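structure for this input, please:
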Amino acid sequence: MAVVGIIAEYNPFHNGHKRQLDFARQVAQDDAIIVAMSGNWTQRGEPAIINKWQRAEAAIKNGADLVLELPFNVTVQPAHLFAQGAVTLLHQLGVQKLVFGAEHPEMDFARLVQNRPIEVEQFKRFDQTYATAYQQHLTQKTGIELRGSNDILGFTYALANDRLGQPLEMVPLKREGAQHGDSSIRSGATIASASSIRAAALAGNFELVKPTVPESSYSFLEANSLVNWQSFWPLLRYRILTETPDTLRQFYQMTEGIEYRLLDAAQRAITIDEFLALVKTKRYTYTRIQRLISYVLLNASTELMMTRLKSARVLAFNNRGRSQLNRLKSSQSLQLITKLTDDWQQGPYFLDNRVDELRRLLVRDESTSQIKRPFYLK
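Predicted coordinates for the structure are as follows:
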């Protein structure tokens with residue numbers, strides 16, 4: 001037996017996630033499964049399709065014991081920083097084994113970590129992304145190609161774990177069925193990628209969505225106003241057009257003159273998709289741009305984004321999760337937030353409060369209000 005951790009977004013929770021939780025239960029047996037989950041904004045710099053309370057509740061109803069929120073300044077980061085923050089949090093929560101999906105679970109992640117680049121400056125070339133150059137270096141050193149998105153994420157988890165002294169045992173699970181990023185759901189499929197489920201749900205094709213998600217997740221998708229970047233585009237455009245190149249440079253990771261492209265695109269674009277296409281370059285991927293405009297939307301400075309993680313927000317738990325919470329509270333290694341206080345907004349979840357209020361006001365999603373307490377499944 002061992003306390004098992006999972007790093008997730010559940011955007012939305014689907015049958016592939018249920019399969020992973022079933023596998024994690026075999027590993028944990030009678031111990032707790034703890035999920036570190038992104039809040040109302042995701043690592044790719046996108047708003048979650050349904051809110052964090054609903055996604056956490058779906059996770060608890062399908063096998064998780066305790067769901068905690070990864071704050072915005074941990075979540076909306078490049079993959080290696082996202083992994084470092086999430087793995088650190090799980091370590092502080094007493095997790096012993098990390099279960100994660102991988103296209104090639106037999107891959108020697110430890111060997112890849114040992115051969116990682118030491119001097120990262122040599123990879124900052126303008127004709128390719130940092131990630132591509134990094135992966136090419138690993139292939140040259142080890143003969144192992146990191147192509148699958150889950151393999152790449154698994155490597156970042158292993159790297160983060162190594163930097164902490166390898167406190168967690170890495171337990172990969174082979175990803176089956178649809179691949180991450182698949183754009184459409186195959187007819188009759190019961191396993192589909194989160195992106196294809198989001199696309200189908202946003203298009204109103206719920207007959208395709210229903211077989212791919214548990215009922216607890218489907219009910220939220222069917223009953224709620226679903227969210228994507230277009231929901232926030234009018235406010236984002238206003239925010240950019242009221243800035244100058246100098247003020248835009250104050251936002252986190254705004255470098256290399258990209259601020260001029262943002263201003264030009266905001267003048268010309270009618271939709272968020274047009275805006276992203278105008279800004280994109282070989283060096284600036286859609287994901288990187290989405291993270292940048294997330295920082296602009298929320299007025300996220302470098303100082304706010306680099307705030308150290310000192311607490312963990314509890315979103316949902318069951319009886320086993322409650323027992324784990326009691327053990328964690330007695331250890332005092334990490335402040336656990338289950339009830340809001342007046343000074344809550346001044347901590348690492350300050351930006352999350354902004355996200356939640358924006359979602360509530362723009363999408364009229366009152367269920368995401370911060371006055372809500374964690375979901376508890378008896």
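
in this protein, where's the longest strand?
Secondary structure of the chain per DSSP state E: the longest strand is strand 311-318.

quick one: strands adjacent to that one?
strand 66-70 (antiparallel), strand 335-337 (parallel), strand 375-377 (parallel) (DSSP bridges).

mind putting those in JSON lines, mean pLDDT, mean neighbour count and distance to A316 included?
(C-beta placed from N, C-alpha, C; glycine too.) Formatted as JSON lines, these follow (pLDDT from 0 to 100; neighbours: other Cβ atoms under 10 Å; distance: least, Cβ to Cβ, whole Å):
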{"stretch": "strand 66-70", "mean pLDDT": "97", "mean neighbour count": "29", "distance to A316": "4"}
{"stretch": "strand 335-337", "mean pLDDT": "86", "mean neighbour count": "15", "distance to A316": "13"}
{"stretch": "strand 375-377", "mean pLDDT": "81", "mean neighbour count": "16", "distance to A316": "4"}
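
just name the shakiest helix or strand of this protein by mean pLDDT.
helix 130-142 (a mean of 71; mean pLDDT, DSSP states H and E).

C-terminal to that helix, what's the next element?
helix 149-163 (DSSP states H and E).

packing partners of that following helix?
Contacts defined by 3 or more Cβ pairs under 8 Å, 6 or more residues apart in numbering; DSSP states H and E place helix 149-163 against helix 79-92, strand 97-102, helix 109-114, helix 130-142, strand 169-174.

worst mean pLDDT among those?
Set side by side, the helices and strands packed on helix 149-163 differ in mean pLDDT, and helix 130-142 is lowest with a mean of 71.

still on that earlier bit, can you say which of the strands paired with strand 311-318 is nearest to T287?
strand 66-70 (16.9 Å; Cβ to Cβ).

among the helices and strands packed on helix 149-163, which is the most enclosed?
For the helices and strands packed on helix 149-163, the largest average neighbour count (mean count of other Cβ atoms under 10 Å) is found in strand 97-102, namely a mean of 24.

between that strand and strand 169-174, how many degrees?
On the basis of axes from the mean of the first three to the mean of the last three Cα atoms, to 10 degrees, strand 97-102 is oriented at 30 degrees to strand 169-174.

strand partners of strand 97-102, parallel vs antiparallel please.
Here strand 97-102 has these sheet partners by DSSP bridges: strand 4-8 (parallel), strand 169-174 (parallel).

average pLDDT for the shortest one?
Spelled out, it's strand 4-8. The average pLDDT within strand 4-8 is 98.

spatially nearest residue to F72 (excluding sequence neighbours)?
Using Cβ to Cβ, 6 or more residues apart in numbering and skipping residues adjacent in sequence, the residue nearest F72 is L351, 4.0 Å away.

list the contacts of the longest strand of the chain.
With Cβ atoms under 8 Å, 6 or more residues apart in numbering as the test, strand 311-318 has contacts from 37, 39, 52-53, 56-57, 59-60, 64-69, 71, 89, 92-93, 324-325, 334-338, 347-349, 352, 374-378.

let's see it at 7 Å
37, 52-53, 56-57, 59-60, 65-69, 89, 93, 325, 334-338, 347-349, 374-377 (Cβ atoms under 7 Å, 6 or more residues apart in numbering).

repeat that for stretch 254-273.
229-230, 233, 237, 240-241, 245, 248-249, 275, 278-279, 284, 292.

return the distance of it from the chain's centre.
24 Å (Cα atoms, centre = their mean, to the nearest Å).

so for it, what gets flagged as buried?
Buried residues in stretch 254-273, counted by 16 or more other Cβ atoms under 10 Å: M254, I258, E259, R261, L262, A265, A266, A269, I272.

same thing with stretch 204-217?
Residues L208, V209, T212, V213, P214, S216, S217 are the ones in stretch 204-217 that count as buried (16+ other Cβ under 10 Å).

restrict the helix or strand the second one falls within to CA atoms and write it as PDB.
It stands for V209. Element membership for V209 (DSSP H and E) is helix 206-209. Output in PDB follows, covering the C-alpha atoms of helix 206-209 (Å, rounded to 0.1, in the frame of the first residue of the first chain):
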ATOM      1  CA  PHE A 206     -23.500  15.600 -26.900                       C
ATOM      2  CA  GLU A 207     -24.500  12.300 -28.600                       C
ATOM      3  CA  LEU A 208     -20.700  11.900 -29.300                       C
ATOM      4  CA  VAL A 209     -19.700  13.100 -25.900                       C
END
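
look at Q43 and give its secondary structure.
For Q43, the assignment made with DSSP: H, G, I helix; E, B strand; the rest coil gives coil.
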